[in-house]
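1. Provide a 3D model corresponding to the input given below.
(chains A and B, ligands or ions: 2)
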Amino acid sequence: MVPAISVRSLSKRYGSLQALDGVDLQVEQGEFFALLGPNGAGKTTLISVLAGLARPDAGDVRVMGHDVVRDYRSARRALGVVPQELVFDPFFTVRETLRIQSGYFGLRHNDAWIDEIIDRLDLRSKAHANMRALSGGMKRRVLVAQALVHKPPVIILDEPTAGVDVELRQGLWEFVGSLNAAGHTIVLTTHYLEEAETLCGRVAMLKQGRVVALDTTRNLLADVSGLQLQMRLEPDRLPAQFEGRARRDAEGAWVMALGRHAEIADVAVALRAEGVEVKDLRVREPDLEEAFVRIMGRR
Amino acid sequence: MIGFRTLLYKELLRFWKVSFQTIAAPVLTALLYMLVFSHVLESRVEVFPGVSYGAFLIPGLAMMSLLQNAFANTSSSLVQSKVTGNIVFILLPPLSHAEFYWAYVIAAMVRGMLVGAGVFLVTLVTVSVPFPNLLWALAFAMLGGGILGALGLIAGIWADKFDQMAAFQNFVVMPLTFLSGVFYSIHTLPPFWQAVSHLNPIFYMIDGFRYAFFGASDRSPWMSLAIVTGCFTALSFASLQMIRRGYKLRH
Ligand SMILES: Nc1ncnc2c1ncn2[C@@H]1O[C@H](COP(=O)(O)OP(=O)(O)OP(=O)(O)O)[C@@H](O)[C@H]1O
Ligand SMILES: [Mg+2]
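-> Ligands and ions are numbered 1, 2, ... in the order given. Now for the predicted structure:
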């Protein structure tokens, strides 16, 4: 099976800025893949190259096996992109927008599918409203709908949940999840790392145009330390046996790594024996955010 | 083909939805020119024997409006799409370079011809003009609209902002259209300015178009046709090349 996305030695510069610097990446068909990285890391640039909106300086970039430069028409037919920027054409209504977008992809009688996306994205009540009259979240939904008119096997969503309410976010992920279950490959970027953690099987992290991590979500989580116990004490004194294992965090609370949940009881017993009162106690599970912070902090 | 037809439809709908601005307004402007100029100059100028100044003016005005609006259509559509960012909706689909080019240029030709026809019809109220030779008239109208549509496409792709676009319009298109013999025959100019006028491709569009009405012109209509066809071919080639390279559209 050809990979859904294949990127080899991709470089792209804007003037003197190296936006992408030798990126290698492969996404298999059917994956739910996250592209993470701080602002300016090059996520949107990478997506732009895949979509043909930006031209690569060097490297080989393919969507479903089609070279995005030489075989651009096949590559674009296989790809649906939800752009990061909230753009719309103020001349048209929602339905006109979706009909026109279908036409650009060579589809004429697409109303059954358009109706389905309109329903799935909860746009029914706005179908005949002018784009100008929609709220930001509604416009975002139309952008998602536009990316799906041609049922692309590969769908890329560039921060689809920025500025979107909880309900839409959940509805959107449910819809995208069902598309993934139906065999569509999904790539998303987001700054909400818990979204990526729960949805995505694999993650690539970009930093200054380079891939600094590329692994399954599970492996990335396994690499970060296990449970962490965070406590505030009165008096602010730790029993001697824990002193080597604990440190203070930025807010002055004690932080201690634990192997198992059961160790919490040992700590509590030791604290009571010393007459120390626990003012506040939190247990933190390892999360992708921690992995992200660590990986970005390296070098 | 469906992609091309959809883009053409979208471009037509875009100006049609605001036709008061895009068609009615330029027709009114031309009518005002007509009333003012023909009133002032009627008794003083006779360009072709037996043709009144008002009659002489009508085809030129119609053609000038056609050209300016063909240019305005592609250029404003593209700049607007670039500035608002919705150009991505056209850049993401698998439209071919030729589909992109012809959809924009044909929409520009259609708007230009609608405005031109409108100008012709309303100015007829003031002066009567012989019925044109349709073949010559259509040939020059379509080629002229195509040339200015293509020029608008190039300007629209080149300009990043509305003021760059306006500069192109005010410093290139307006002078070329005004100094093309719309309001006078270039034979009335001193030799130097006559020679300069012969370098202006718009002169040949107006002159050829006028030939369709009066059977008289400054230059042979065949020569004008050849020059205008050459210009259109060259501009089409240049535009397609820009689109193919993604100049200023694909970074
Ligand atoms: N058209 C452009 N011209 C010049 N520089 C650009 C252009 N597009 C992006 N850049 C630069 O390339 C770098 C990568 O930008 P990019 O938009 O890909 O980042 P990102 O990872 O998507 O960030 P964010 O999370 O903020 O969306 C940035 O430094 C940006 O300023
Ligand atoms: Mg981005």
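
2. the stretch 51-200 of chain A: strands as residue ranges?
-> A:58-63, A:66-67, A:79-82, A:154-158, A:185-189 (DSSP state E, counting those that start in this stretch).

3. okay, these in JSON lines with mean neighbour count, mean pLDDT and distance to ligand 2 next?
-> For every residue, glycine as well, the C-beta is placed using N, CA and C. As requested, the strands of the stretch 51-200 of chain A are exported to JSON lines (neighbours: other CB atoms under 10 Å in any protein chain shown; pLDDT from 0 to 100; distance: least, CB to the ion, whole Å):
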{"stretch": "strand A:58-63", "mean neighbour count": "20", "mean pLDDT": "95", "distance to ligand 2": "17"}
{"stretch": "strand A:66-67", "mean neighbour count": "16", "mean pLDDT": "96", "distance to ligand 2": "24"}
{"stretch": "strand A:79-82", "mean neighbour count": "25", "mean pLDDT": "96", "distance to ligand 2": "12"}
{"stretch": "strand A:154-158", "mean neighbour count": "24", "mean pLDDT": "96", "distance to ligand 2": "6"}
{"stretch": "strand A:185-189", "mean neighbour count": "24", "mean pLDDT": "95", "distance to ligand 2": "6"}
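
4. who wins for proximity to chain B among these?
-> strand A:79-82 (5.8 Å; CB to the nearest CB).

5. residues touching stretch A:259-277, excluding its own?
-> Around stretch A:259-277, the neighbours that count as contacts under CB atoms under 8 Å, 6 or more residues apart in numbering or on different chains are A:226-227, A:229, A:231, A:233-235, A:237-239, A:241-242, A:256, A:258, A:278, A:283.

6. pLDDT (mean, whole number) over it?
-> Mean per-residue pLDDT for stretch A:259-277: 85.

7. show me what counts as buried in that stretch.
-> A:264, A:267, A:271, A:276 (16 or more other CB atoms under 10 Å in any protein chain shown).

8. turn the strands of the stretch 51-200 of chain A into JSON lines, including distance to ligand 1.
-> JSON lines is the format used below for the strands of the stretch 51-200 of chain A (distance: least, CB to the nearest ligand atom, whole Å):
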{"stretch": "strand A:58-63", "distance to ligand 1": "15"}
{"stretch": "strand A:66-67", "distance to ligand 1": "21"}
{"stretch": "strand A:79-82", "distance to ligand 1": "13"}
{"stretch": "strand A:154-158", "distance to ligand 1": "7"}
{"stretch": "strand A:185-189", "distance to ligand 1": "7"}
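
9. could those strands be laid out in TSV, adding distance to chain B?
-> Formatted as TSV, the strands of the stretch 51-200 of chain A follow (distance: least, CB to the nearest CB, whole Å):
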stretch	distance to chain B
strand A:58-63	11
strand A:66-67	10
strand A:79-82	6
strand A:154-158	10
strand A:185-189	15
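
10. could these go into a markdown table alongside distance to B:Tyr104?
-> Output for these, formatted as a markdown table (distance: least, CB to CB, whole Å):
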| stretch | distance to B:Tyr104 |
| --- | --- |
| strand A:58-63 | 26 |
| strand A:66-67 | 26 |
| strand A:79-82 | 22 |
| strand A:154-158 | 27 |
| strand A:185-189 | 32 |
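
11. closest one to B:Ala195 among those strands?
-> Of all these, strand A:58-63 sits nearest to B:Ala195, with 50.8 Å by CB to CB.

12. what about the closest one, distance to the chain center?
-> 22 Å (CA atoms, centre = their mean, to the nearest Å).

13. gap between the closest residue to chain A within the stretch 1-150 of chain B and B:Ala107?
-> The minimum distance from the stretch 1-150 of chain B to chain A, using CB to the nearest CB, falls at B:Thr6 (2.7 Å). Distance, B:Thr6 to B:Ala107, by CB to CB, to the nearest Å: 12 Å.

14. and what of A:Asp236?
-> According to CB to CB, A:Asp236 and B:Ala107 sit 74 Å apart.

15. could you do A:Met296 as well?
-> 48 Å.

16. what do you get for B:Met142?
-> 13 Å.

17. same thing with A:His66?
-> 30 Å.

18. and the buried residues of stretch A:259-277, which is closest to A:Val7?
-> For the buried residues of stretch A:259-277, the nearest to A:Val7 is A:Ile264 (44.7 Å; CB to CB).

19. before we move on, the earlier item: neighbour count: B:Met142 and B:Ala107, which is higher?
-> Neighbour count, other CB atoms under 10 Å in any protein chain shown: between B:Met142 and B:Ala107, B:Ala107 has more, with 25 against 18.

20. A helix includes that one, no?
-> Yes. The assignment for B:Ala107 is a helix, going by DSSP: H, G, I helix; E, B strand; the rest coil.

21. can you pull the contacts of it?
-> B:Ala107 neighbours (CB under 8 Å, 6+ apart): B:8, B:11-12, B:14-15, B:73-74, B:77, B:149.

22. go again with 7 Å.
-> Each residue near B:Ala107 by CB atoms under 7 Å, 6 or more residues apart in numbering or on different chains is listed here: B:8, B:11-12, B:73.

23. what do you get for A:Gly106?
-> B:2-3.

24. against A:Val149, how distant is it?
-> Distance check for A:Gly106 against A:Val149: by CB to CB, it reads 11 Å.

25. same thing with A:His66?
-> Distance from A:His66 to A:Val149, by CB to CB: 19 Å.

26. try A:Gly42
-> With distances taken as CB to CB, A:Gly42 is found 28 Å from A:Val149.

27. if we can go back for a sec, any of the contacts of stretch A:259-277 buried? List them.
-> By 16+ other CB under 10 Å, the contacts of stretch A:259-277 give A:227, A:229, A:231, A:233, A:238, A:256, A:258 as buried.
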